[in-house]
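Enquirer: coords below, sequence missing:
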C-alpha cells in the first residue's frame with residue numbers, strides 16, 4: 001500500500017472585510033490537519049481588493065502554541081512555499097493593525113499520510129462474536 005497525498009485548500013475565501021475585526025483577532029483559520037497526516041502549504045495568494053490593515057500569518061499548534069511565519073502584510077502577497085504543518089495544527093491569518101481593507105485569500109497545498117495503517121490490526125465487526133446476529 002502506498003502513502004496517500006491529497007490536494008488541500010487551506011483557504012479559499014473572497015470578500016473578507018477587515019473592518020469587522022479588531023487588532024490581534026484571527027480573521028481566518030484553516031481546517032485542522034487530520035490525524036496521521038502532515039500539511040504542506042505550497043501556494044499562497046492574499047489579495048487586497050481594497051487597501052487597509054496589516055496581516056500576519058501563523059501556525060496554530062494543536063498544543064495551543066502559535067508560530068508566526070510572516071508579518072506586516074499590507075498589500076497583495078503571492079508566493080510559493082514548502083511550509084510543513086503537523087497533524088492537529090491549523091493555519092491562521094491574524095489582523096495585527098485595524099483597517100478597512102477587503103481581502104481574497106487562496107492558499108493551496110496538500111496533505112500527506114505519515115504512517116501506513118496495518119490493516120491486519122484494524123478490528124472488523126465479524127471478530128466480535130458477542131454482537132447479536134440479525135436485527136432487534
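Expert: Here it is on my side, so go on. All values derive from a computational prediction rather than experimental measurement.
Enquirer: So residue 36 is in contact with residue 113, correct?
Expert: Yes - using C-beta atoms under 8 Å, residue 36 makes contact with residue 113 at a distance of 6.0 Å. Yep, even glycine has a C-beta here, placed from its N, CA and C like the rest.
Enquirer: helices and strands around the lowest-mean-pLDDT helix or strand in the chain, which ones?
Expert: Least confident element among the helices and strands of the chain, by mean pLDDT, DSSP states H and E: strand 77-85 (a mean of 92). Applying 3 or more C-beta pairs under 8 Å, 6 or more residues apart in numbering; DSSP states H and E, one finds that strand 77-85 makes contact with strand 37-50, strand 54-60.
Enquirer: please redo it, this time with the cut-off set to 10 Å
Expert: In terms of contacts (3 or more C-beta pairs under 10 Å, 6 or more residues apart in numbering; DSSP states H and E), strand 77-85 is packed against strand 5-17, strand 37-50, strand 54-60, strand 66-73, strand 102-113.
Enquirer: Can you tell me which of those is most buried?
Expert: strand 54-60 (a mean of 21; mean count of other C-beta atoms under 10 Å).
Enquirer: Now list whatever residues contact both of residue 36 and residue 113.
Expert: Shared contacts of residue 36 and residue 113 (C-beta atoms under 10 Å, 6 or more residues apart in numbering): 3-4.
Enquirer: Tabulate the helices and strands packed on strand 77-85 (TSV), appending distance to residue 25 and mean pLDDT.
Expert: TSV is the format used below for the helices and strands packed on strand 77-85 (distance: least, C-beta to C-beta, whole Å; pLDDT from 0 to 100):
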stretch	distance to residue 25	mean pLDDT
strand 5-17	12	96
strand 37-50	16	96
strand 54-60	11	97
strand 66-73	13	96
strand 102-113	14	96
